[in-house]
Structures are given as structure tokens and as C-alpha cells.
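Q: okay, predicted coordinates and the sequence, questions at the end:
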Amino acid sequence: MTMTVTDICRRGARRFGLARRSARLLFGAFVALTAASSSASAWWNEDWQLRKKITIDASATGANITDPIGATSVLVRLHVGNFRFSSAKEDGGDLRFVAGDDKTPLKHHVEKFDFALGEALIWVAVPNVQAGGKTDFWLYYGEKKFGSVADPKGTYDPETLLVYHFNERGAPAVDSSMWGNNSTSVGQAADGAIIGTGLRLDGRAPLALPASSSLALPSAGAFTFSAWVKPAALASNVALYSRRDSAEALVIGLDNGAPFVEVTNGGVVQRSAAGGPIAPNSWRHLAVTAAGGRVVLYVDGAPYSTLDAALPGLKSAATIGGEASADGAAPGGFAGFVGDLDELQISNVARPPGFIKFAAIGQGPDHTKLVSFSVDEETASWLSGYLAVILKSVTFDGWVVIGLLTIMAVISWVVMIDRATYLNRQARANERFMDSFRDIATDLTALDHDDDRISTFGGRISAEQAEAMRPSSLYRIYHIGASEIRHRFAANGGRPTALSGPSIAAIRAALDSGVVKETQKLNQLMVVLTIAISGGPFLGLLGTVVGVMITFAAIATSGDVNVNAIAPGIAAALVATVAGLGVAIPALFGYNYLISRIKDLTSDIHVFVDEFVTKMAESYAEVGETSERRAVGERAR
């Protein structure tokens, strides 16, 4: 098809425009990647050597919380699988939490930090958790010269009136909120609660809360109660939270395991509908919210029942685990709670459903769905960062395999160096020998002595040059041929004589035996490289498989299934495979290079044998054969 100049110009313009747009896209992608890289590499404070990204995943791939959450406190559980306790202060005083922008410090406080056992519970105030999405923040540590900046009062918003972690022993429960509503009685500690230490109730001695003005409940006011409960047995009309002023009351409890809320206004009692019971000896999260004349009861973050009622105004002291009135009158007919209780929180607002579900998941056994940890990042080099994490996680069996591969690598490198040196020396010596051999006219023994020394060829080569030819494989084969010829000359008094066809064949056989020996010398130890090429990856794979098996067995034993428990073990297991490839790849390249050199030298040997036999046949042919050839030539003329 014929194209005009105009068509060519138009096509060129289109191509130029496409190239310009492509360049713009590439430049934009480069700028975005550069910005992302600089953002990821920015550090809030470089005095801290270690940091770890913590991700709150409320999306469908995580906890799947679609209702608004807002500002809340997040429980961060640290253990040896996701945190280097050896790099932190023994009391956790060097911990710092920073928002996802890597600029804004976040308030936090430590409920538990056991350096010896490698366990920690930290509460962090996150200003805005995105529902249905992911929210990141950073944990910095590893700078032991700085002291603690823990701030329990700042971890919770002003609407949070009371927070009990129950980690006290022989002392009243301490309020972690800004209001200081410590309990007025002492409870019994319960070890092994769902979050550290809990409260054990026997049904006879409830825990008394203060009758403070901040805890006063206005008529029709907003209210939120949440706690983890573990009943020891099913019983009827058990009070978990009770507050009573004459004919006004608010009771949260269990009736034969079924949670309920009971509101009394002016002597009129209203109770929420009963649902499925809570099984004994199992931890469940209970929450109650009230606002606008509606009370909602939640179990494990999901709505359980509702009650259309407004809360009464209450100023008396509330009790946990039983019922008592403020004026010392008899209880209202509710039994005391027998079991354990943990993480009690009370607020003067009605928390949204997303907030309640976030607390139930983030504090419960399914917390790994909501909170995940990345690997540690270091201000130091990659070698002392990621590689250090990997090498620290290598198990004993992995080190055994890596040790064997290291030995194999050293041997293969020694063989490659030895063979390369030997082949280079052979090539240089063969080249020098062939330069002298081609100067021989008729006496093929001129370069050889009986004592296996190289002759100076009538003084035309120096003694040093003659000695440099000694390592030559061609010379050694030449020496075999020269010795065979000299042996046949010995019968004629040492003078040259004619060689018969069988004699030449016999000498050729001797030369071939020398070729076989020289070929064996050239290929000596090459089998070590083939073993390294084929055996190294398989040995590394064995170490990886065993390491992965140990990692999953450890996860099955501990029951902690999260990426931070799996990743270090898997990464460490893969080190064995990397080591195997590190043995095989150099050996493969070296083997192919050496084999090509060996083939070249072997070809030179075969060519030399043919050349030697040809010269020998021409120089020492029998006299009869020479006369016959002359006669044939004369008849032809």
C-alpha cells in the first residue's frame, strides 16, 4: 500500500503523542513510587532503632466491621512471636506509639509487661478507626535510655467514666480513666483471665463502686456498660451490675445463663427478652447501651435483645457481682454472681454498634482477625535488619543443613580454583611446547631425554623455557612417543632406523593410553561439582521442609495462628533452600566453564597425537616402502 508524505507525518505525530503520554504515565508512576518509598522510610524519631507497623483490619478480609467505630482504645498483645523483648526495656518504658502518618504520637498505657515470660498487654488510643477499612499505626522501641511516657488517663476519651483491668492484688481496683473512680472494696484476683488478670467473684461479696458525681446517672441519660464474664454455673436471677435508689433501679445480669437488662422506673419493672443462654466456664463479652428511651443488650458484639425504656436517675453506689441498696436495705431479690469478670468499662454515652463489636473482637480470642503485626524495621542496614530476624529464627536442624552446605560450598570453590589453575597452566605449557615441536625436522626425539627432562633443542630454547613446558600434557604424550621410538632405535646402536607398520601402530596404542590418562587428569575432581549442582538444592530443600514442619507444629502447639508467628519460621526455613542454591549456582557456572576448557584441551591432545603419528610415519618409514614409492614415481614419468 502506497503512503503519502502526509500519512507518514500523521502516523509519526500519533506515535509521538503516544510516546509522550506513556512517558507521562511512567513519570507519574515513578513519582508515586518515590513518594511511597520516602513515606515508608520516614521515621518518627531516629533515636529509636526498631519499629513495627500494626494494622487494624475492619474490612471484609479481617473483622468485617461495617458500622462506625470512631476513636477507641486498642488492645495490643505482644509475645515472643511478634516482638523482640530482648531489644526493649525490661519494663516496656521505651515503647512509643505513633499514628499512621508517622508524626502524631498516640497515648498508651501498659496493663502488663512480663520481660521474662515475653508477654505484654498495652492499650493504645487510636483517634479514628475506619469501619470497613484498614487503619495503621506504628510501634517504636529499642531505645533504652528513654523513660516511660505511659498515660492511662489519656488513653480513654472523657466520656469513659470507669475502666478496671483488675490487675491489682490485695488492693481496690484502680480506675484507668481520667475520672479516678477506684473501687471502694477489694476483690479477689483471678489469674488466667481473658486479658491478663481478672476479678473472681464468689456470689457473697460484690465489688463496690464509688458513689461519685461522675458516675451519677441522670434520668433518661445515656449509658454504656461492657465487661467480659465467665459464669461458673447457671443460676436464676444473677446480678452482674446493680444500682438501686428506692423505687428506681438498673440491673444487668444472667437468668439461667440468659443475659438480661432490668430497668425499674417508679416501681415499674421492665426486663429485656431472654435469648440463648451463655455456657458455663466460657468467656463472653456483654455490653449494654442506653439512649433515647431504648436499651440494647449485646453479646460478643452482636445485638442480643432490646428494651424500650428510659433509664432512671441514679446517684447511689453501684455494685459488681451482686446487689445492694444505698440505704442498707435488703437486696432486691437477685443472687450474687459466681465466676470471673474482666475488663469492666462504663461510659456516659451510648457507644455505637461498631464500637461494641470492635471491643468484643479486639479483646477476645479472635483478636488476630482485627489486629496484625508486620515484621520489624530497623534504622540500621538490611543486613542487620531483615537478615538478622531471619537468622535468629533458624532452628537447630536448619543450622545443621546450612553447615553441611557451607562445607560443600567450600569444597566446590576449592575444586573450581584448583581446576581452573591447572587448566590455565596446561594451556600455557601446551602452547610453548607446540611452538618448539613444530620446529622439529626429522628427529622426533630431539626435545626429549631419557631421564624425562626436556632438551634445550640444540640451545634454541633456554633451560627456563624448557622447564616451563614440563607441565604440558602434550609433552607427556610426546615423551611416551619419543621413548617408544628411542627404544626401537636401541637395537640399531641408537641410530635412527625405519619403523614398520606394526611398530607405528604399537606406538599409536601407547600414545592413546597416554591420552586416556591425561583426560582423566583433566577431569579429576569434576564429580565434586556435579554433586554440588545436583545435591545442594535437594539438601537445602530438605532443610526447608523440615523447618516448615517444625514451624507448623509449633503453631499447632501454641494455638496462635497469625502471620507474625508463621513468617519468621517460614523465612528461616527458606534460608536452607537459599544456601542450597548458593552452593549449586556457582558450581553450575564453574562446571560449564571448566568443561568447555577441558574439551578444548582434550581436542588439542587428539590433534597432537594425529600430528605426531603423521610426522613419525613420514620420518621413519621403511626403506622398501621408500624405494617402491620412488619406482612408482619413475614409471609414472
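A: Thanks, I have the structure now.
Q: okay, CA-based contacts and neighbour counts for the rest of this
A: Fine.
Q: correct me, but Gln49 touches Gly142?
A: Yes. Counting by C-alpha atoms under 8 Å, Gly142 is a contact partner of Gln49 at 5.4 Å.
Q: if you count what's nearby, which of those two comes out ahead?
A: Gly142 (23 against 17; other C-alpha atoms under 10 Å).
Q: pretty sure that one is touching Glu90, no?
A: No. Under the criterion of C-alpha under 8 Å, Gly142 makes no contact with Glu90, lying 10.9 Å away.
Q: mutual contacts of the two, please.
A: Common neighbours of Gly142 and Glu90, using C-alpha atoms under 8 Å, 6 or more residues apart in numbering, do not exist here.
Q: how about the helices of the stretch 301-450 of the chain, start to end?
A: 353-363, 367-370, 386-392, 396-437 (DSSP state H, counting those that start in this stretch).
Q: what's the second one in contact with?
A: With C-alpha under 8 Å, 6+ apart as the contact definition, helix 367-370 has outside contacts at 55-58, 62-63, 361-362, 561-562.
Q: for stretch 154-173, measure first residue to last.
A: Stretch 154-173 has an end-to-end distance of 18 Å (criterion: C-alpha to C-alpha, to the nearest Å).
Q: in this protein, where's the longest helix?
A: When the chain is parsed with DSSP state H, its longest helix is helix 563-619.
Q: got the angle for that one vs helix 396-437?
A: Here helix 563-619 runs at an angle of 20 degrees relative to helix 396-437 (axes from the mean of the first three to the mean of the last three C-alpha atoms, to 10 degrees).
Q: for helix 563-619, the distance to its chain's centre please.
A: Taking C-alpha atoms, centre = their mean, to the nearest Å, one finds the center of helix 563-619 at 33 Å from the center of the full chain.
Q: who are the neighbours of that helix, in terms of helices and strands?
A: strand 371-373, helix 386-392, helix 396-437, helix 473-489, helix 501-522, helix 526-558 (3 or more C-alpha pairs under 8 Å, 6 or more residues apart in numbering; DSSP states H and E).
Q: a markdown table for those, including distance to Phe334 and mean neighbour count?
A: Below are the helices and strands packed on helix 563-619 laid out as a markdown table (distance: least, C-alpha to C-alpha, whole Å; neighbours: other C-alpha atoms under 10 Å):
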| stretch | distance to Phe334 | mean neighbour count |
| --- | --- | --- |
| strand 371-373 | 39 | 23 |
| helix 386-392 | 56 | 15 |
| helix 396-437 | 59 | 17 |
| helix 473-489 | 106 | 21 |
| helix 501-522 | 97 | 16 |
| helix 526-558 | 40 | 19 |
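Q: for these, which has the smallest mean pLDDT value?
A: Ranked by mean pLDDT, those end with helix 386-392 at the bottom, a mean of 68.
Q: any stretches of this structure with poor pLDDT?
A: For the chain, the stretches flagged by pLDDT under 70 are 1-42, 324-332, 380-389, 440-443, 446-463, 465-468, 491-497, 558-565, 621-637.
Q: would you mind giving the domain segments of it?
A: 45-148+369-379, 160-348, 395-637 (automatic domain parsing).
Q: out of these, nearest to Phe355?
A: Of all these, domain 45-148+369-379 sits nearest to Phe355, with 4.6 Å by C-alpha to C-alpha.
Q: could you tell me the end-to-end distance of the closest one?
A: 10 Å.
Q: go on, stretch 154-167?
A: In stretch 154-167, first residue to last residue: 19 Å (C-alpha to C-alpha).
Q: quick one: buried residues of that stretch?
A: Buried residues in stretch 154-167, counted by 16 or more other C-alpha atoms under 10 Å: 154-157, 159-167.
Q: closest one to Leu117 out of the residues you listed, please.
A: Asn167 (16.8 Å).
Q: how close does the nearest residue to that closest one once chain neighbours are set aside get to Trp228?
A: Nearest residue to Asn167, sequence neighbours excluded (C-alpha to C-alpha, 6 or more residues apart in numbering): Thr197, at 5.1 Å. Counting by C-alpha to C-alpha, the gap from Thr197 to Trp228 is 12 Å.
Q: which residues do these two both contact?
A: By C-alpha under 8 Å, 6+ apart, Thr197 and Trp228 have these common neighbours: Asp342.
Q: between these two, which one's more packed in?
A: More crowded of Thr197 and Trp228, by other C-alpha under 10 Å: Trp228, with 25 against 22.
Q: identify the bridge partners of the more buried one.
A: When bridges are called by DSSP bridges, Trp228 pairs up with His285, Asp342.
Q: how about it, what does it touch?
A: So Trp228 contacts 194, 283-286, 341-344 (C-alpha under 8 Å, 6+ apart).
Q: which of those residues lies at the shortest distance from Ala317?
A: Leu344 (15.7 Å).
Q: for the closest residue to that closest one other than its chain neighbours, which residues are in contact?
A: Counting by C-alpha to C-alpha, 6+ apart, Leu344 lies nearest to Ala227, which is 4.5 Å off, once chain neighbours are set aside. Counting by C-alpha under 8 Å, 6+ apart, Ala227 touches 285-287, 341-345.
Q: rerun at 6 Å
A: Ala227 makes contact with 285-286, 343-344, according to C-alpha atoms under 6 Å, 6 or more residues apart in numbering.
Q: between these, which is nearest Ala211?
A: Of all these, Ala211 sits closest to Leu344, with 16.6 Å by C-alpha to C-alpha.
Q: what about the closest one, how many residues nearby?
A: As a burial measure, Leu344 scores 21 neighbours (other C-alpha under 10 Å).
Q: surely it is in contact with Tyr164?
A: Yes. Leu344 is in contact with Tyr164 according to C-alpha atoms under 6 Å; the separation is 5.2 Å.
Q: and the buried residues of stretch 154-167, which of them are in strands?
A: Restricting the buried residues of stretch 154-167 to those inside strands, with DSSP state E as the criterion, leaves 160-164.
Q: would you turn those into TSV with distance to Trp123?
A: Formatted as TSV, those follow (distance: C-alpha to C-alpha, whole Å):
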residue	distance to Trp123
Thr160	14
Leu161	16
Leu162	15
Val163	12
Tyr164	12
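Q: biggest separation within these, which pair?
A: Checking those with C-alpha to C-alpha, the most distant pair is Thr160 and Tyr164, at 11.3 Å.
Q: next, format the contacts of helix 367-370 as JSON lines and append distance to Ala274.
A: Converted to JSON lines, those look like this (distance: C-alpha to C-alpha, whole Å):
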{"residue": "Thr55", "distance to Ala274": "37"}
{"residue": "Ile56", "distance to Ala274": "34"}
{"residue": "Asp57", "distance to Ala274": "33"}
{"residue": "Ala58", "distance to Ala274": "30"}
{"residue": "Gly62", "distance to Ala274": "31"}
{"residue": "Ala63", "distance to Ala274": "27"}
{"residue": "Ile361", "distance to Ala274": "23"}
{"residue": "Gly362", "distance to Ala274": "26"}
{"residue": "Val561", "distance to Ala274": "35"}
{"residue": "Asn562", "distance to Ala274": "36"}
